[in-house]
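Peer 1: A structural model of the following input is requested.
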Amino acid sequence: MFNKFNQQAKKPITIIAFVASFIYFGFFRFWMIPSGDDYFWWGNQGTYLLYHGFYGPQATYGGSSNGRYFGNLLEIITMHRLTLAVLAYAIGWTLLIWCIWKLSGKTIASLLLSLLFVFTLQGGFINNVLAWNAGFVNYVPPMILVLLYLIVLEWDIPSKVKLFIPILTLLLAFSAGLFDENMTIASVILAILVILYYRKKLKHFI
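Peer 2: Residues are numbered from 1 along each chain as shown. Down below sits the predicted model:
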């Protein structure tokens with residue numbers, strides 16, 4: 001029985017699982033109630049900051065110069081357009097689950113664990129990431145970008161395409177740093193570790 005869970009998940013099963021995930025998170029976002037920072041970015045303050053480079057008088061508009069440019073922009077868009085919010089939320093969580101499944105072996109067991117991952121989080125994480133739009137836009141997209149970065153590093157890439165990989169990884173890492181300050185630091189540390197790893201790997205083969 002355990003051997004079956006270690007087998008590669010078949011394509012029809014994975015398609016059904018990820019479609020079900022997309023539908024579930026889409027409905028979840030549709031019924032989500034705005035709270036906290038959602039009202040700030042939904043209101044006049046968010047509109048003002050959008051047209052002023054996300055910086056303004058602290059006392060009046062709560063000026064934001066924390067570097068969360070992509071996160072702030074996505075928050076404003078998703079708070080003003082429910083359809084885009086539902087699509088972003090459903091695609092975001094489903095893509096995060098796919099990345100975890102992809103990096104953990106693409107087995108039936110890893111598929112089940114990836115799908116259950118969201119519901120194993122502590123209550124605080126669920127409230128701040130799963131059930132809060134502002135938390136989602138600032139924390140889930142950068143996690144996806146970092147995981148996609150790791151997936152790209154695993155690709156078996158033809159030599160003609162390898163020239164574009166540094167550009168792609170640079171864009172992924174740079175974009176991940178425009179959502180959350182902690183992820184900015186984590187991206188820099190990850191980049192250093194990857195460089196050191198490949199330096200050692202190339203020296204070994206040379």
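
Peer 1: Poorly predicted segments of the chain, please.
Peer 2: Counting by pLDDT under 70, the chain shows low-confidence ranges at 1-9, 56-66, 156-163, 201-206.

Peer 1: hey, where'd the helices end up in it?
Peer 2: Along the chain, the segments classed as helices by DSSP state H run 2-5, 11-30, 37-42, 44-50, 58-61, 69-80, 82-103, 108-117, 123-125, 133-154, 165-176, 181-205.

Peer 1: Can you lay out those as CSV showing mean neighbour count?
Peer 2: Every residue, glycine included, has its C-beta placed from N, CA and C. Rendered in CSV, the data for those read as follows (neighbours: other CB atoms under 10 Å):
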stretch, mean neighbour count
helix 2-5, 9
helix 11-30, 15
helix 37-42, 19
helix 44-50, 17
helix 58-61, 11
helix 69-80, 20
helix 82-103, 19
helix 108-117, 17
helix 123-125, 10
helix 133-154, 20
helix 165-176, 15
helix 181-205, 12
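
Peer 1: which residues touch residue 169?
Peer 2: Residue 169 makes contacts with 149, 152-153, as judged by CB atoms under 8 Å, 6 or more residues apart in numbering.

Peer 1: Would you confirm that residue 32 contacts residue 130?
Peer 2: No: taking contacts as CB atoms under 8 Å, residue 32 lies outside contact range of residue 130: 9.2 Å.

Peer 1: Show the contacting residues for the most centrally placed residue in the chain.
Peer 2: Geometric centre of the chain, nearest residue: residue 141, 2.4 Å, by CA atoms, centre = their mean. With contact set as CB under 8 Å, 6+ apart, residue 141 has these partners: 70-71, 74, 92, 176, 179.

Peer 1: One more: residue 82?
Peer 2: By CB under 8 Å, 6+ apart, the residues touching residue 82 are residue 30.

Peer 1: Also residue 21?
Peer 2: Taking CB under 8 Å, 6+ apart, we find residue 21 in contact with 90, 93-94, 97, 115.

Peer 1: export the residues you listed to TSV and tack on distance to residue 51?
Peer 2: Conversion of these to TSV gives the following (distance: CB to CB, whole Å):
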residue	distance to residue 51
90	29
93	30
94	32
97	36
115	40
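
Peer 1: of all those residues, which two lie farthest apart?
Peer 2: Distances among these were taken as CB to CB; the most separated pair is 90 and 115, at 14.0 Å.

Peer 1: Pull the number of nearby residues for residue 53.
Peer 2: Residue 53 has 11 neighbours, counted by other CB atoms under 10 Å.

Peer 1: Can you give me the distance of it to residue 73?
Peer 2: 11 Å (CB to CB, to the nearest Å).

Peer 1: and if you look at residue 187?
Peer 2: Using CB to CB, residue 187 is found at 18 Å from residue 73.

Peer 1: cool, and residue 165?
Peer 2: Taking CB to CB as the measure, residue 165 falls 27 Å from residue 73.

Peer 1: now residue 141
Peer 2: Relative to residue 73, residue 141 is positioned 11 Å away (criterion: CB to CB).

Peer 1: How about residue 45?
Peer 2: As defined by CB to CB, residue 45 lies at a distance of 14 Å from residue 73.

Peer 1: With residue 41 instead?
Peer 2: According to CB to CB, residue 41 stands 10 Å off from residue 73.
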